[in-house]
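1. Build the 3D model from these lines:
(one chain, ligands or ions: 1)
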Amino acid sequence: MQQAITNDFLKALASLTSTEQELILDAVNLFAQNPQHPGLKLHRLDKLKNKGFWSIYVNKDIRIILYKDSSGPWILAYVDHHDDAYRWAETHRAEVHPRNGVLQIFRTVEVTQVEPRIVQPLIGHHSEEYLLDLGVPPSYIKPLLLVEDEERFLELISGLPQDVQERLLDLAARKPVIPPPKVATTEEWLRHPLARQHFYLLESLDELRRALNYPWEQWMLFLHPAQREAVERVFQGPARVVGPAGTGKTVVALHRTAQLARRYPGTSILLTSFNRYLASRLKAALRLLLGELPPNLTIENIHGLARRWYEEHIGPIQLATEKDYASHLQDAARQLSHEPSFLLSEFSFADEWGLYAWEAYRDFPRTGRGIPLTARERMKLFGVFQEVWAALEAKGSLTFNGLLHRLRDKAERGTLPRFRAVVVDEAQDLGPAELMLVRAIVEEAPDNLFFALDPGQRIYKGPLSWQALGLEVRGRSIRLRVNYRTTREIATIAEKVLPPSLEGEVREVLSLLRGPEPEIRQFPTQKACEEGLLTWVRWLLERGTQPEEIGVLVRIWHLADALENAFRKAHIPVTRLSDKEVLEGGVRLGTVHSAKGLEFRAVAVFGANKGFFPLEAQLRKAPSEKDREEVLEKEENLLYVAFSRAREHLWVGYWDEPSPFLPTG
Ligand SMILES: Nc1ncnc2c1ncn2[C@@H]1O[C@H](COP(=O)(O)OP(=O)(O)OP(=O)(O)O)[C@@H](O)[C@H]1O
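-> Numbers count the residues shown, from 1 in each chain. Okay, the predicted model is just below:
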């Protein structure tokens, strides 16, 4: 028998204990086989004004609330302890929307909540007809047209289906809003994108079980229509999904990978990222999404894969770091009357772009490099770079960029295996060498390349033109803007760290969650800041927050050492973030880099000082004003990444001078 669940049901189920969840799943199973089973005591909640709700018995304490109309499937709408479950049924109603034909389950609006004391209603200038077209339930129209303050408006709409909330928020922000399409037939509605955001047709209980194993389980079953498009569309060339932090880009990358593995069985698919911490998390999440990982799927950070492939297909290699060649470049800089930092930066530039032949370096545009060079200077510099490459080669070593380009060369000559499709998460962190490699190791075919990215989170590499790399995504770019992670209060302050438009893209974010205002605290000393942090952590723990739900983020590991001791002295368990798939219990402590792609119920940024954001050592390395700007932008992005890891609580502490990136006012 066909059953659907709502996202409210899944959320409610996830908030119960695992023993209760098991009992509920047993009852759902029994119900699927025989709804009339006497043990379930299925009965209609006749006393309710709102018709259509039913209840089944799980045990003495727990009830499942269902909804059924004359033709549709049974819908598991809610589950809770007895009184709460019935209270939910009393305060909700289910209705097919008169305009778009989709079933909506929403909180009943209490007419007494709205006193007509009109000064200037927030959206009062719109017509009732238009609000109906937007999918607003008829009972909400009058209260909405009267409401005048934002708080009250947000409270009122919080009981509505998410798609309606999104449209109303846009309306309040005076944006043009297009009414959703109408569903053609009643049979069709459950498969309609509008409904699939709220209802999920259960195929097996296993899906539900798996979803419950992953924190914030909703993403496994319910996708936003924009996310669904990014997951399901067949793209005729490279494609991407963009959106601010918390809008579900990783969720899209995971679902799309699973989808591609199904769409192209027997071929190999790669899911990759720049950051190795993130890659191991992607693996764990995909394992949960799919139950087990299909053999045709590789999930590995791009450098890990490149190094492994190099050793397998070319041979053993010793990697050179800047220390191995810096002195050579510094000596040459003195002779050529350049700043040593400039030579290091120019060498990295040539190495990143794979400009190993004189003609390639000579002809390559240096636009935006800050320091202009004459043809003669270029030739001299190239001579020095060649010496470095040759010296490394003689020692049997290679820079990482060199390794990436050699591998790419081999791939372009057709002597490396190719993936049918590659999905890259956090693609803003890939530089030219990584992107060129990714392009070379994937087949030329539809659906071959998919990138998930946020320019505001670029923390490793400088900005670059994708078109120059042959990665044209025009017409194949999907934008996400509903923030599923962060409260409105935190998302607002996080966005203030960044300019409103980045790399020509307007940043837009819509958060439907509410919570306390973030705290930005100044302390006289580092020690006092430490004390302040411990007090806040204790406060969270006393209120029932689990230690693992708290993330303490610092700019450099060195700061974590002192903090770790302070936590231990205070007898608060603490664990460092690492690339392990499973971490031990305790408050999570790490650098912002190690928290990439992660999220915590509560986040503390410890040391939001002027000297850490931006990190002075990074600024000192910048040879030109242009490089300095680039460093500043990356450092600003880092603070944004830190803030946007928080779901409900954000605490920011600093001593000495505050970071210039901290939002004021
Ligand atoms: N459709 C959805 N329904 C419910 N929750 C969702 C949905 N999509 C994403 N989420 C939740 O939102 C949070 C953020 O998702 P995700 O990590 O994919 O965002 P992101 O855009 O990759 O963020 P970041 O760029 O900050 O890493 C996660 O907790 C995820 O479970």
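2. Single out the residue in the stretch 551-665 of the chain that lies closest to the ligand.
-> Proximity of the stretch 551-665 of the chain to the ligand (CB to the nearest ligand atom) peaks at G597, 4.4 Å away. Every C-beta, even on glycine, is put in place using the N, C-alpha and C of the backbone.
3. Local confidence estimate at that residue?
-> G597 carries a pLDDT value of 81.
4. Please report how far it lies from N275.
-> 7 Å (CB to CB, to the nearest Å).
5. Just the element for the residue of the stretch 551-665 of the chain closest to the ligand, please.
-> Applying DSSP states H and E as the criterion places G597 outside every helix and strand.
6. Now for it, how many residues are close by?
-> Using other CB atoms under 10 Å, the number of residues around G597 comes to 21.
7. returning to what we had before: overlap in contacts, G597 and N275.
-> Residues touching both G597 and N275 by CB atoms under 8 Å, 6 or more residues apart in numbering: E426.
8. What residues does this structure have near the ligand?
-> Listed as neighbours of the ligand in the chain under the rule CB under 6 Å from any ligand atom: 216, 218-219, 222-224, 227, 243, 245-251, 454, 457, 484-485, 597, 599, 644.
9. are any of the residues you listed buried, and which?
-> Listed as buried from the residues of the chain next to the ligand are 218-219, 222-224, 227, 243, 245-251, 454, 457, 484-485, 597, 599, 644; burial here means 16 or more other CB atoms under 10 Å.
10. Dihedrals phi and psi, V552?
-> phi -110, psi 120 (degrees, to the nearest 10).
11. Run through the helices of the stretch 251-400 of the chain in chain order.
-> Ranges of helices in the stretch 251-400 of the chain, per DSSP state H, counting those that start in this stretch, are 276-290, 302-313, 322-336, 340-352, 358-363, 375-394, 400-412.
12. now swap in the stretch 101-250 of the chain and tell me
-> Along the stretch 101-250 of the chain, counting by DSSP H, counting those that start in this stretch, helices occupy 128-133, 138-146, 150-157, 162-172, 193-196, 205-213, 218-221, 225-232, 249-263.
13. pretty sure H97 contacts P137?
-> Yes: counting by CB atoms under 8 Å, H97 does reach P137; the two are 6.7 Å apart.
14. any common contacting residues for those two?
-> Q104.
15. what would the helices of the stretch 251-400 of the chain look like in TSV with mean neighbour count and mean pLDDT?
-> Shown next, in TSV, are the helices of the stretch 251-400 of the chain (neighbours: other CB atoms under 10 Å; pLDDT from 0 to 100):
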stretch	mean neighbour count	mean pLDDT
helix 276-290	19	85
helix 302-313	17	96
helix 322-336	15	86
helix 340-352	20	90
helix 358-363	13	91
helix 375-394	15	91
helix 400-412	20	96
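16. Out of the ones you listed, flag the one nearest V587.
-> helix 276-290 (17.2 Å; CB to CB).
17. what's that closest one packed up against?
-> Helix 276-290 is packed against helix 205-213, helix 249-263, strand 269-272, strand 297-299, helix 302-313, with contacts defined by 3 or more CB pairs under 8 Å, 6 or more residues apart in numbering; DSSP states H and E.
18. make it 7 Å
-> Packing partners of helix 276-290 (3 or more CB pairs under 7 Å, 6 or more residues apart in numbering; DSSP states H and E): helix 249-263, strand 269-272, strand 297-299.
19. With mean pLDDT and distance to A332 as added columns, please give these in a markdown table.
-> Listed next are those as a markdown table, based on pLDDT from 0 to 100; distance: least, CB to CB, whole Å:
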| stretch | mean pLDDT | distance to A332 |
| --- | --- | --- |
| helix 249-263 | 95 | 43 |
| strand 269-272 | 97 | 36 |
| strand 297-299 | 95 | 41 |
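20. mind listing what's buried in stretch 136-151?
-> Residues of stretch 136-151 classed as buried: V136, P137, Y140, I141, P143, L144, L145, L146, V147, E148 (neighbour count, 16+ other CB under 10 Å).
21. For P573, what are phi and psi?
-> Dihedral angles (degrees, to the nearest 10) for P573: phi -60, psi 140.
22. which one is it nearest to, not counting chain neighbours?
-> In space, and not counting its chain neighbours, P573 is closest to G586: 3.5 Å by CB to CB, 6 or more residues apart in numbering.
23. Model confidence score at that neighbour, please.
-> For G586, the predicted pLDDT is 93.
24. show me the contacts for it.
-> Counting by CB atoms under 7 Å, 6 or more residues apart in numbering, G586 touches P547, E548, P573, V574, T575.
25. Farthest pair within those residues?
-> E548 and V574, at 10.5 Å, using CB to CB across the contacts of G586.
26. More neighbours: which of those two?
-> Each of E548 and V574 has its neighbours counted (other CB under 10 Å); V574 has more, 22 against 17.
27. And for the closest residue to that one other than its chain neighbours, the neighbour number?
-> Closest residue in space to V574, ignoring its immediate chain neighbours: F567 at 4.0 Å, by CB to CB, 6+ apart. Residues within reach of F567, counting by other CB under 10 Å, total 21.
28. thinking again about what came up before, what separates the residue of the stretch 551-665 of the chain closest to the ligand from L260, distance-wise?
-> Distance, G597 to L260, by CB to CB: 20 Å.
29. Contacts only, for the nearest residue to P294 once chain neighbours are set aside.
-> Nearest residue to P294, sequence neighbours excluded (CB to CB, 6+ apart): A261, at 5.2 Å. Residues near A261 by CB under 7 Å, 6+ apart: I269, P294, N296, L297.
30. thinking again about what came up before, pretty sure the residue of the stretch 551-665 of the chain closest to the ligand sits against S280.
-> No: G597 lies out of contact with S280 (CB atoms under 7 Å); the separation is 10.2 Å.
31. filter the contacts of A261 to the buried ones?
-> I269, N296, L297.
32. Please spell out which residues along the helix or strand hosting the residue nearest to V574 are buried.
-> F567 belongs to helix 557-569 when assigned by DSSP H and E. Within helix 557-569, the residues scored as buried using 16+ other CB under 10 Å are L559, A560, L563, E564, F567.
33. from the residues you listed, which single one is nearest E636?
-> L559 (18.9 Å).
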